[in-house]
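Asks: coords please:
(2 chains)
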Amino acid sequence: MKTFFRTATNEAKLLLVGIPVLIWTLLPIYHLCLFAFSDKQSAFSGALWPKNPTLRNFEVVFGQKHYFLHLFWQQLFNSVFIAAATGALTLLVATFAAFSISRLKVKGGRTVLNMALFTYFIPAAFLAVPMYRTMGLYGLLNSQWALILAMVTIASPYAIWVLKQASDKLPAELDEAAIMDGATPMQLFRLVYIPLMLPSLVAVGTYAVLLAWNEYLYAFLLLSKDTTITLPVALGNFLAADDSPWELLMTTGLIYALPPAAMYYAVKKYMVGGLTAGAVKS
Amino acid sequence: MTTASLSDPRAGVVAPEKQGMTSWQFWGILMVAPYLLIFALFVVYPVFYAFWLAHKPESYVHLFNDPIFIRSIFNTLAFLIIGINLKMVVALLLSGFFMNERKWVKALSVIFILPWAVPSIPTILSVRFMLNPEWGVINQLIFRLTGDDGPNWLNDPQLALFLSILMHIWKSLPFWTLILLAGRLAISNDLYEAASVDGASNLQKFRFITWPSMQQLYLTCTILSMIWTLGDFNSVYLLTGGGPADLTHVLATLGIRYLRLDQVDLSMATIVCALPIILPLVYVMMKRLSK
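Replies: Below is the predicted model of the structure:
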């Protein structure tokens, strides 16, 4: 009986933390979903659950049946393209650099790594304005490549660092054996290094894709045409109107939020390892 | 003769290896070159360009005479001092909660990471509407329960800034909790068992085992979080837009505000003014991480 009471109070104490945490975490997300599945009237009446749940909002968004959404599919595609290109380019640049520094022991590798780390620690928002002006000088403004290159610049320092840490852990005998067999650096890279680094590459690729997909500030500075902007910029543009169709804004927001969340959970195992390796090394 | 015969075989051994080394160095340079190119074009050049644009002393005179600038320095400090300490203490406590092995706690930890996993724009806009004085769910609830009108949340500068800080905490708390949880999991269980045998209370266990092992990690996390929070543009810009009356700007949003007003010099000068806060933090971080 006594132990029962003790477990009960323990459980109650835990719930006292768990329930507020759950509410705190889910409230904004629940509110987002609530709007997505409500008609405008019900959403604006402060209802706590959708009185007549409806998919009408999704119909409007997917059918591009609103002025703010007339380019929805194009903008979704822009987001996908920019995220994919950033992921691919970051992986290319960062894997090359990490291989060069960690396995080929290129001279000055340590300096390159420090430069990358330094860039990683500069808050991206502070680099945004200089970057915006520079892109103007390079004649890249309004081109999606401006955003892709900016995102690669921001993503690759962390990517290089995580990949370098991971590849330092590969045994040195691998390289030696490969050299004995007369492998060239490129063969070593393709046939030995890439396959062994696959888990870290997944983590880093996901990191870069999510970074680009989620980016708002750079996207809204560097892109301005309705046909080139990404979804988050389109969402921000909703705010410009006085009578914004908030239920549609939230619906689009929900659609936009789902892919990265799904992707995050799919590769969570790798992400957590990579992230902690990145941030914890103290 | 002897020197030749001695040096010849040595040369024979060294030469191919040396040749191999140079080929490796050649490939090494070739493979690190793409990053160096990106670094030069999109980091070095913009940074020098920014300093060049920010070189005029008038800009700084103008800045320090702008009450909005002074205000945003205080706002930024509030973000750093109140926001981050609050966040890190809660993260430290919650990481202890998530050490629990119960199934529902494990399930909760999966849900708990959601704010970090979803992009910030939709959720911030969702909160923005929740706080709408007329149509938002919070004030409608207050009206239904008390019959009074709720506060005009985002129209009060202090309240709006505090809500931006809460928004920031909502978004980044899961990440830091996870990192600190990893730190807690790295502590050997034997220590706790030995302490239990000696009859230590939970508080004593925290004070004498958990905290000493986590101190360094906690400090690293706090510094890193400070650096990143300085660059948190979304939590302020999308929730309050810097308003009311430009009173809730932080340095990150102020730079963009000047840019939009076509005052690029001031925008760059704002960034330069943030450097005395950023650079020491970055220096400490680099020291800690390159150990």
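Asks: what's near enough to touch A:A36?
Replies: A:N57, A:F58, A:E247, A:M250, A:T251, A:G253, A:L254 (CB atoms under 8 Å, 6 or more residues apart in numbering or on different chains). Any C-beta I mention is one placed from the backbone N, CA and C, and that applies to glycine too.
Asks: Can you say which of the residues you listed are buried?
Replies: The neighbour-count test (16 or more other CB atoms under 10 Å in any protein chain shown) marks A:N57, A:F58, A:E247, A:M250, A:T251, A:G253, A:L254 as buried among the contacts of A:A36.
Asks: Can you tell me which of those is nearest chain B?
Replies: Relative to chain B, the closest of the buried ones among the contacts of A:A36 is A:G253; by CB to the nearest CB it sits at 2.9 Å.
Asks: Could you tell me which residues make contact with the closest one?
Replies: A:G253 sits in contact with A:L32, A:A36, A:L235, B:I121, B:P122, B:T123, B:L125, B:S126, where contact means CB under 8 Å, 6+ apart.
Asks: from these, which is closest to A:F72?
Replies: Proximity to A:F72 was ranked across the contacts of A:G253 by CB to CB; first place goes to A:L235, at 10.8 Å.
Asks: All the helices of the stretch 101-250 of chain A, residue numbers only.
Replies: Chain-ordered helices for the stretch 101-250 of chain A, with DSSP state H, counting those that start in this stretch as the definition, fall at A:109-121, A:124-137, A:144-168, A:172-180, A:185-187, A:194-214, A:217-222, A:231-238, A:246-266.
Asks: Longest helix in chain A, by number of residues?
Replies: helix A:2-36 (DSSP state H).
Asks: what inclination does that one have with respect to helix A:246-266?
Replies: Our comparison of helix A:2-36 with helix A:246-266, counting by axes from the mean of the first three to the mean of the last three CA atoms, to 10 degrees, yields an angle of 130 degrees.
Asks: ok, back up a step: now the two most distant members of the buried ones among the contacts of A:A36.
Replies: Comparing every pair within these by CB to CB identifies A:F58 and A:G253 as the most remote, at 12.2 Å.
Asks: quick one: terminal-to-terminal distance for stretch A:50-59?
Replies: Using CA to CA, to the nearest Å, the end-to-end distance of stretch A:50-59 comes to 17 Å.
Asks: so how far is stretch B:192-203 off the chain centroid?
Replies: Averaging C-alpha positions (CA atoms, centre = their mean, to the nearest Å) puts stretch B:192-203 35 Å from its chain's average.
Asks: and that stretch, does that touch chain A?
Replies: No. Between stretch B:192-203 and chain A, judged by CB under 8 Å from any CB of the partner chain, nothing touches; the nearest distance is 11.4 Å.
Asks: Can you give me the buried ones in that stretch?
Replies: B:A195, B:A200.
Asks: Would you format the helices of the stretch 101-250 of chain A as CSV with mean pLDDT included?
Replies: Formatted as CSV, those follow (pLDDT from 0 to 100):
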stretch, mean pLDDT
helix A:109-121, 88
helix A:124-137, 89
helix A:144-168, 92
helix A:172-180, 80
helix A:185-187, 84
helix A:194-214, 90
helix A:217-222, 92
helix A:231-238, 89
helix A:246-266, 90
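Asks: Can you tell me which of those helices is nearest to B:L36?
Replies: Counting by CB to CB, B:L36 lies closest to helix A:109-121 out of these; the figure is 6.9 Å.
Asks: other SSEs contacting that closest one?
Replies: Contact analysis of helix A:109-121 by 3 or more CB pairs under 8 Å, 6 or more residues apart in numbering or on different chains; DSSP states H and E lists helix A:72-102, helix A:144-168, helix B:2-39, helix B:264-289 as its packing neighbours.
Asks: Would you mind getting the angle between the very next helix or strand once past the longest one and helix A:109-121?
Replies: The first helix or strand that comes after helix B:2-39 along the chain, using DSSP states H and E, is helix B:45-53. The directions of helix B:45-53 and helix A:109-121 differ by 60 degrees, with the same axes, to 10 degrees as the criterion.
Asks: Identify the residues contacting helix B:45-53?
Replies: A:L127, A:V129, A:P130, A:M131, A:R133, A:T134, A:L137, B:V264, B:D265, B:M268, B:I271, B:V272.
Asks: chain center to that helix, what's the gap?
Replies: In terms of CA atoms, centre = their mean, the centre of helix B:45-53 is found 24 Å from the chain centre.
Asks: quick one on the thing from earlier: list buried residues within the contacts of helix B:45-53.
Replies: A:L127, A:V129, A:P130, A:M131, A:R133, A:T134, B:V264, B:D265, B:M268, B:I271, B:V272.
Asks: need the contact list for the second one.
Replies: This means A:V129. Contacts of A:V129 were listed using CB under 8 Å, 6+ apart, and they are A:L221, B:A50, B:G255, B:I256, B:L259, B:V264, B:S267, B:M268, B:I271.
Asks: if we go to 6 Å?
Replies: The contact partners of A:V129, taken as CB atoms under 6 Å, 6 or more residues apart in numbering or on different chains, are B:G255, B:L259, B:S267.
Asks: Columns pLDDT on top of the residues you listed, output as CSV?
Replies: Listed next are these as CSV, based on pLDDT from 0 to 100:
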residue, pLDDT
B:G255, 88
B:L259, 87
B:S267, 88
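Asks: Of these, which are in range of chain A?
Replies: Judged by CB under 6 Å from any CB of the partner chain, the overlap between the contacts of A:V129 and the neighbourhood of chain A comprises B:G255, B:L259, B:S267.
Asks: Just want the angle from the helix or strand in which the first one is found to helix B:264-289.
Replies: When you say that, I think you mean B:G255. With elements taken from DSSP H and E, the one containing B:G255 is helix B:251-260. Between the axis of helix B:251-260 and that of helix B:264-289 there is an angle of 150 degrees, by the same axes, to 10 degrees.
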